[in-house]
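Chemist: need a 3D model of the following:
(2 chains)
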Number of protein chains: 2
Amino acid sequence: MKTYIIGIGLIGGSMALDIKALQPNSKIFGIDSSEKHLQEAMALGIIDEPGKMEDLATADFVIVSVPVDVATVLLLTVLDSIGENTIVFEVGSTKLPICEAVSEHPKRRNFIATHPIAGTEFSGPSAAIKGLFQGKTNIICEVEKTAFKLQEKALGLFRELGMRIRYMEPKSHDKHIAYVSHLSHISAFMLGKTVIQKEKHEQDIFDMAGSGFESTVRLAKSSPAMWTPIFKQNRKQVVKTLEEYISNLTQFKDLLVNEDYTAIFEEMESVNRIKEILNGMGK
Amino acid sequence: MKTYIIGIGLIGGSMALDIKALQPNSKIFGIDSSEKHLQEAMALGIIDEPGKMEDLATADFVIVSVPVDVATVLLLTVLDSIGENTIVFEVGSTKLPICEAVSEHPKRRNFIATHPIAGTEFSGPSAAIKGLFQGKTNIICEVEKTAFKLQEKALGLFRELGMRIRYMEPKSHDKHIAYVSHLSHISAFMLGKTVIQKEKHEQDIFDMAGSGFESTVRLAKSSPAMWTPIFKQNRKQVVKTLEEYISNLTQFKDLLVNEDYTAIFEEMESVNRIKEILNGMGK
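Modeler: Residues are numbered from 1 along each chain as shown, chains lettered A, B, ... in the order given. Model prediction:
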């Protein structure tokens, strides 16, 4: 079995590690615009050797795990190069632009649009970890546009990686993911900014910040190179979530200004239900 | 040695567990307005027996771990009741109102104002855990107002709990903690609210939300009964942090609306430094 990982970062790298563990005799090839990442990936045993786009014709799997703006262009070249039995999947955090970009390609049926809900705030080959996808959800869009045999091949792999599959329309995916992922990243970045602007003596942050602060700001370690294209592609939805979030924060602030502590208590109490929701997620 | 825990929740309960582990022959008494919590604390082995305010005269340590609005009143009664060699400390998330409340009490020198930067989003006796304070910072205010021998007694205990001590002025504490703690809690509550308002079908949240979402919303499980008095006591500072946070979010939203992706990238990149800060915290 031959797998090509295009973009050997957290997601592509972690998938490579798992595939190798599942199928030790298979070969993993890496393609990356960064020579440094390629070398690092080989040194870390994530890939066996560098690959070439010209060789994609003999690939079983091609995983495209690059920033979403690169993906919309790159995928067309990838689809041009693959063989009849190759399944290509892409893993970015927006799905509509990708699906639209490939919709007319003659080899559309060799492609499946996925969004594995898994990750950390780290990037690059050194971020790759084994078992990242175990017990995680993989959201698949437009599954019916992929050829049956290749659907089976891809879904088989996802199940072996330990993933639970959920099917969504790409437009719906992008709308909902704005609320449960994109907004969280912006909230973390702006929280980090607010604190850094204020706390000129960073030692103060060290001393006063507990795990509560750390958890709300953790995502501010994320890669701007990854997230700028995501926000660009999902701009309208993200702006909408920001408007609603800002409105809620402003309302809370006004309650404080007006010293309405009953309302403040009730606001927080009504959100406490998130406990059941998060517990349902096993958190 | 006799320790009285007034308010047997996460903090008081966890301190009781550690004190018992350090000094197995000592006795831990519990005082709580909730009979249910008292029974639970005994069943969990957090306290040895219920205590009475009248017996505080023979206490070595009295730990007041109740909501901050209760504390400002209760502390005066506690100080009325204690003995000459008793050290009382309070552990709430605001320090100025507490310090002002006790400033004129004849037994002021038996009191020390602390804020242990440790906790989880859980509450009540069942939230108590061993070793919660290991490696954590304890912020102490107005240490010079505590009698020398009792300073020594208190600081000795904190060191045995594994805490690192930092001294601050109460006003300064409240100003800074608004940024590194209070704001994080409000951001989490309002993020939770924004998502719940939108995601009427909560199963969607289960399926689409990853650990990123969970970490930014985790604090929304916190107790409104604990946090409403904190926001009330630190109102002006908290409003200030909210204004700045809202301003930063609005600015980011405007960059998106105006499609200024260079600026968006740079915004996130400048906040990436938080990595070093959080890593310095060992996170």
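
Chemist: every contact and neighbour count from this point should use C-alpha atoms.
Modeler: Noted.

Chemist: just name the shakiest helix or strand of chain A by mean pLDDT.
Modeler: Scoring the helices and strands of chain A by mean pLDDT, DSSP states H and E places helix A:202-208 at the bottom, with a mean of 72.

Chemist: after it, which helix or strand is next?
Modeler: Sequence order places helix A:211-217 as the next helix or strand after helix A:202-208, per DSSP states H and E.

Chemist: and that next one, what does it pack onto?
Modeler: Under the contact definition 3 or more C-alpha pairs under 8 Å, 6 or more residues apart in numbering or on different chains; DSSP states H and E, helix A:211-217 sits against helix A:183-198, helix B:183-198, helix B:211-217.

Chemist: now with 7 Å, please.
Modeler: When contacts are defined as 3 or more C-alpha pairs under 7 Å, 6 or more residues apart in numbering or on different chains; DSSP states H and E, helix A:211-217 packs onto helix A:183-198, helix B:211-217.

Chemist: dump those helices into JSON lines; add mean neighbour count as well.
Modeler: Shown next, in JSON lines, are the helices and strands packed on helix A:211-217 (neighbours: other C-alpha atoms under 10 Å in any protein chain shown):
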{"stretch": "helix A:183-198", "mean neighbour count": "24"}
{"stretch": "helix B:211-217", "mean neighbour count": "24"}
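
Chemist: rebuild those as a markdown table, extending it with mean pLDDT.
Modeler: Formatted as a markdown table, those follow (pLDDT from 0 to 100):
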| stretch | mean pLDDT |
| --- | --- |
| helix A:183-198 | 94 |
| helix B:211-217 | 88 |
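
Chemist: how about those, which one is nearest B:Ile117?
Modeler: Comparing the helices and strands packed on helix A:211-217 against B:Ile117 with C-alpha to C-alpha, the closest turns out to be helix A:183-198 (16.9 Å).

Chemist: that closest one close to chain B?
Modeler: Yes - remark: helix A:183-198 sits within contact range of chain B at A:Ser184, A:Phe189, A:Met190, A:Leu191, A:Gly192, A:Lys193, A:Thr194, A:Val195, by C-alpha under 7 Å from any C-alpha of the partner chain.

Chemist: for that helix, C-alpha coordinates in PDB please.
Modeler: Extracted as PDB, the C-alpha positions of helix A:183-198 are listed here (Å, rounded to 0.1, in the frame of the first residue of the first chain):
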ATOM      1  CA  LEU A 183     -15.100  31.600  17.200                       C
ATOM      2  CA  SER A 184     -13.100  29.800  19.900                       C
ATOM      3  CA  HIS A 185      -9.900  30.500  18.200                       C
ATOM      4  CA  ILE A 186     -10.600  34.100  17.800                       C
ATOM      5  CA  SER A 187     -11.800  34.400  21.400                       C
ATOM      6  CA  ALA A 188      -8.500  32.900  22.500                       C
ATOM      7  CA  PHE A 189      -6.400  35.200  20.400                       C
ATOM      8  CA  MET A 190      -8.200  38.300  21.500                       C
ATOM      9  CA  LEU A 191      -8.100  37.300  25.100                       C
ATOM     10  CA  GLY A 192      -4.400  36.800  24.800                       C
ATOM     11  CA  LYS A 193      -4.000  40.100  23.200                       C
ATOM     12  CA  THR A 194      -6.000  41.900  25.900                       C
ATOM     13  CA  VAL A 195      -3.900  40.400  28.600                       C
ATOM     14  CA  ILE A 196      -0.500  41.000  26.800                       C
ATOM     15  CA  GLN A 197      -1.500  44.600  26.200                       C
ATOM     16  CA  LYS A 198      -2.200  45.100  29.900                       C
END
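
Chemist: so what does it touch, helix or strand wise?
Modeler: Helix A:183-198 packs on helix A:211-217, helix A:235-257, helix B:235-257, helix B:261-271, going by 3+ C-alpha pairs under 7 Å, 6+ apart.
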